[in-house]
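Peer 1: Predicted model, plus sequence, below.
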Amino acid sequence: MEWTREERYRGLSSISNEAFESMTHKVNQSPWRQHFHIQPVSGLLNDPNGFIYFKGQYHLFYQWYPLGPVHGLKYWYHVVSDDLVHFENKGPVVYPDTTYDSHGAYSGSSIQIGEQLYLFYTGNHRTKDWERVPYQMAATLNDDFQVEDKQPLIEGSPQGYTDHFRDPKVWKENEDYYFVIGAQTTEQSGRALIYQGDTSFKFHLLGEIETGLSDFGYMWECPDLFKLGNKDVLIFCPQGLEPDGMNCRNIYQSGYIVGDFDLETLEMKHHGFVELDHGFDFYAPQTTISKEGERVLIGWMGLPDITYPTDVYNWAHCLTLPRVLKVKEDTLIQTVHPDVEKLRGRSKKATLEVSHDHTALDLIQPDCSEVNISILENEADVLSMIFTNQVDEIVKMTYDNNTGIFELDRSQSGELPSNQDNQKRSIQLNEDLQTLKIFIDTSSIEVFINEGTHVMTSRLFPKAAYQSCQFSTQSGTVKLETKQYEMKRG
Ligand code: FRU
């Protein structure tokens, strides 16, 4: 169904409580509701926003269009948890209810100042002629986490940049506040800019981060800049990169550069852009510091401009599991946050000798599991791991021992999102395949390869849960150990 512009910009106040309830009822009829991922009660979820550990709890918000599976009038929806897995829905917090954010409260971040939580975000305003005017906003929340006040910090975009100017990620350093923000030059090149502000929140532009990536997509969304160990990391989402072999296969990319950033000169020395995830559905991640002081990342398990099979049930997308980031030799290692282990229930171990004939591993809880695989000996050429269900839908992973290429193929996995470049994604491993940690929820898979050296995240829309994993080789044998857990249903 095509949504008109007028329909997309209708907000929550345009419908009755009963009408909203009937929407959520329809959502709950969907066979693809997740068990342990954050998902919207109705409508569309996109970027995680305002992620913070504040006064003993995690607060996370996400971009939300309540009325349908489309990008319309965006709110910030709030979820809260004592840990990183038991999030409770709290409802919308930032409403698009001023002139500044009349056409959407777009992405941003949060910061604790004194005892209070401040949200920094982009107010998206459109004029009568539908010209976009971005406002960078600061909102303060009261003790009940409702917006107490919101003020524009910056109106429009700086000279030399277009109105694609959004997604401030704020931090404090010494006595000053800073934010990094996504921008587009008037020559249509993506950039990340840095602003500095004093305690009275007067912000001024310091300039562009000098990355040397001057012709690298037409817009950079959702930048995030932080220190990790003794390195600096800039995460950003360039739009408009061409596919390059196995890389950049998705409609938009999400990746990072690691190196040394100098806040005086704004120069960032690095060794090149690396994608964060090699699956089909990952975008616009955001990081924060966990309770334990680690850098944790949550991403949007979805992408813009794609139609998903859940759309007919009036909802779209979810967030990824939280990942801990570490730097190793100038690349990021992403391991699932240990809080996820709190969801583990019964477990089962197996040792398998895999050869040309299929060896099956039955899942103890098909639609809600963690499966760990350790390769003990690998004398095979190609190892295949195929998750299958009763109606012969399959998700196929293969590892080629000769080339080191790991592939995820979802072409026969069930219903498929539209507008995506083929249904196979692959990566070149620089080391042997040693371990896989796989999380399967009703409609997603997250595959952590070699202790988080690579990650592949994808939505899947099967008719029935994948109930077993069939291992086989083309020739030669593989000895492996598996340990699977049922995951508690949220
Ligand atoms: C990224 C993004 C952001 C923007 C938000 C709007 O997915 O386009 O740049 O702030 O979504 O929902």
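Peer 2: The structure has been received and is ready for your questions.
Peer 1: burial measure for M487, as a count.
Peer 2: Burial of M487 is recorded as 23 neighbouring residues (other C-beta atoms under 10 Å). The C-beta positions use only the backbone N, C-alpha and C, and glycine is treated the same way.
Peer 1: now the one 3 residues further on
Peer 2: Other residues within reach of G490 by the criterion other C-beta under 10 Å amount to 16.
Peer 1: got it, and Q57?
Peer 2: For Q57, the neighbour count with other C-beta under 10 Å is 13.
Peer 1: Which residues does it form beta bridges with?
Peer 2: F54 (DSSP bridges).
Peer 1: Would you confirm that it contacts V80?
Peer 2: Yes. Contact between Q57 and V80 holds when scored by C-beta atoms under 8 Å: they sit 5.6 Å apart.
Peer 1: Quick check: residues of the stretch 301-450 of the chain near the ligand?
Peer 2: Within the stretch 301-450 of the chain, the positions adjacent to the ligand are P304 by C-beta under 6 Å from any ligand atom.
Peer 1: From I251, how far off is the residue in the stretch 301-450 of the chain that the ligand sits nearest to?
Peer 2: Closest to the ligand within the stretch 301-450 of the chain is P304: 5.6 Å, counting by C-beta to the nearest ligand atom. P304 sits 7 Å away from I251, going by C-beta to C-beta, to the nearest Å.
Peer 1: What of V336?
Peer 2: Per C-beta to C-beta, V336 is found 26 Å from I251.
Peer 1: and what of F36?
Peer 2: Counting by C-beta to C-beta, the separation of F36 from I251 is 26 Å.
Peer 1: More neighbours: these two, which one.
Peer 2: Set F36 next to I251 and count neighbours by other C-beta under 10 Å: F36 wins out with 21 against 16.
Peer 1: Could you list the low-pLDDT ranges of the stretch 251-400 of the chain?
Peer 2: In the predicted model of the stretch 251-400 of the chain, no residue satisfies pLDDT under 70.
Peer 1: Check the stretch 51-200 of the chain too.
Peer 2: Residues of the stretch 51-200 of the chain meeting the criterion pLDDT under 70: none.
Peer 1: quick one: contacts for the closest residue to P152 other than its chain neighbours?
Peer 2: Once flanking residues are discounted, P152 sits nearest to Y135: 4.3 Å by C-beta to C-beta, 6 or more residues apart in numbering. Neighbouring residues of Y135 by C-beta atoms under 8 Å, 6 or more residues apart in numbering: Y100, D101, T122, G123, H125, P152, L153, I154, E155, G156.
Peer 1: Of those residues, which is the nearest to the ligand?
Peer 2: Closest to the ligand out of the contacts of Y135 is T122 (5.6 Å), distances taken as C-beta to the nearest ligand atom.
Peer 1: how would you label the closest one: helix, strand or coil?
Peer 2: For T122, the assignment made with DSSP: H, G, I helix; E, B strand; the rest coil gives strand.
Peer 1: where along the stretch 151-300 of the chain do the strands fall?
Peer 2: According to DSSP state E, counting those that start in this stretch, the stretch 151-300 of the chain carries its strands in the segments 166-173, 176-184, 190-197, 203-208, 219-228, 231-239, 255-262, 267-270, 274-275, 283-289, 295-301.
Peer 1: Now render the ones you listed as a markdown table, adding mean neighbour count.
Peer 2: Below are the strands of the stretch 151-300 of the chain laid out as a markdown table (neighbours: other C-beta atoms under 10 Å):
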| stretch | mean neighbour count |
| --- | --- |
| strand 166-173 | 22 |
| strand 176-184 | 23 |
| strand 190-197 | 22 |
| strand 203-208 | 15 |
| strand 219-228 | 22 |
| strand 231-239 | 23 |
| strand 255-262 | 19 |
| strand 267-270 | 18 |
| strand 274-275 | 17 |
| strand 283-289 | 24 |
| strand 295-301 | 24 |
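Peer 1: For the ligand, what's the nearest residue on the stretch 201-350 of the chain?
Peer 2: Nearest to the ligand, among the residues of the stretch 201-350 of the chain, is E221, at 3.7 Å (C-beta to the nearest ligand atom).
Peer 1: what sits against the closest residue to that residue other than its chain neighbours?
Peer 2: Leaving aside its sequence neighbours, E221 sits nearest to C237 (C-beta to C-beta, 6+ apart; 4.3 Å). Counting by C-beta under 8 Å, 6+ apart, C237 makes contact with G182, W220, E221, C222, P223, Y252, Q253, S254, G255, Y283, A284.
Peer 1: Can you give me the distance of C237 to Q253?
Peer 2: The gap separating C237 from Q253 is 6 Å, by C-beta to C-beta.
Peer 1: same deal with F261?
Peer 2: Plainly put, F261 is 20 Å away from Q253 if you go by C-beta to C-beta.
Peer 1: again, but for T388
Peer 2: T388 is 31 Å from Q253, where distance means C-beta to C-beta.
Peer 1: These two: who's more crowded?
Peer 2: Between T388 and Q253, Q253 has the larger neighbour count (other C-beta under 10 Å), namely 25 against 21.
Peer 1: List the buried residues in the helix ranked longest in the chain.
Peer 2: Ordering each helix of the chain by length in residues (DSSP state H) puts helix 17-28 first. For helix 17-28, the neighbour count (16 or more other C-beta atoms under 10 Å) marks F20, M23, V27 as buried.
Peer 1: As CSV, the residues you listed with pLDDT and distance to the ligand would be great.
Peer 2: Shown next, in CSV, are the buried residues of helix 17-28 (pLDDT from 0 to 100; distance: C-beta to the nearest ligand atom, whole Å):
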residue, pLDDT, distance to the ligand
F20, 96, 20
M23, 95, 20
V27, 98, 20
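Peer 1: Turn these into a markdown table, including distance to A465.
Peer 2: Compiled in a markdown table, the buried residues of helix 17-28 are given as follows (distance: C-beta to C-beta, whole Å):
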| residue | distance to A465 |
| --- | --- |
| F20 | 30 |
| M23 | 26 |
| V27 | 19 |
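Peer 1: Identify, from the residues you listed, the entry nearest to Y95.
Peer 2: Set against Y95, the nearest of those by C-beta to C-beta is F20 (14.7 Å).
Peer 1: Contact partners for the closest one?
Peer 2: Taking C-beta under 8 Å, 6+ apart, we find F20 in contact with L12, S42, P66.
Peer 1: Recalculate using a threshold of 10 Å.
Peer 2: Residues in contact with F20, defined by C-beta atoms under 10 Å, 6 or more residues apart in numbering, are L12, V41, S42, G43, P66, L67.
Peer 1: Please convert the buried members of the residues you listed into PyMOL selection syntax.
Peer 2: The PyMOL command for the buried members of the contacts of F20 (criterion: 16+ other C-beta under 10 Å) is given here:
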select buried, resi 12+41+42+43+66+67
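Peer 1: Keep only those of the contacts of F20 that are also close to the ligand.
Peer 2: Among these, the ligand is touched by none when using C-beta under 6 Å from any ligand atom.
Peer 1: Report the spatially nearest residue to the most centrally placed residue in the chain, omitting neighbours in sequence.
Peer 2: For the chain, the residue nearest the mean C-alpha position is G299 (1.6 Å; C-alpha atoms, centre = their mean). Closest residue to G299 apart from its sequence neighbours, by C-beta to C-beta, 6+ apart: P285 at 3.6 Å.
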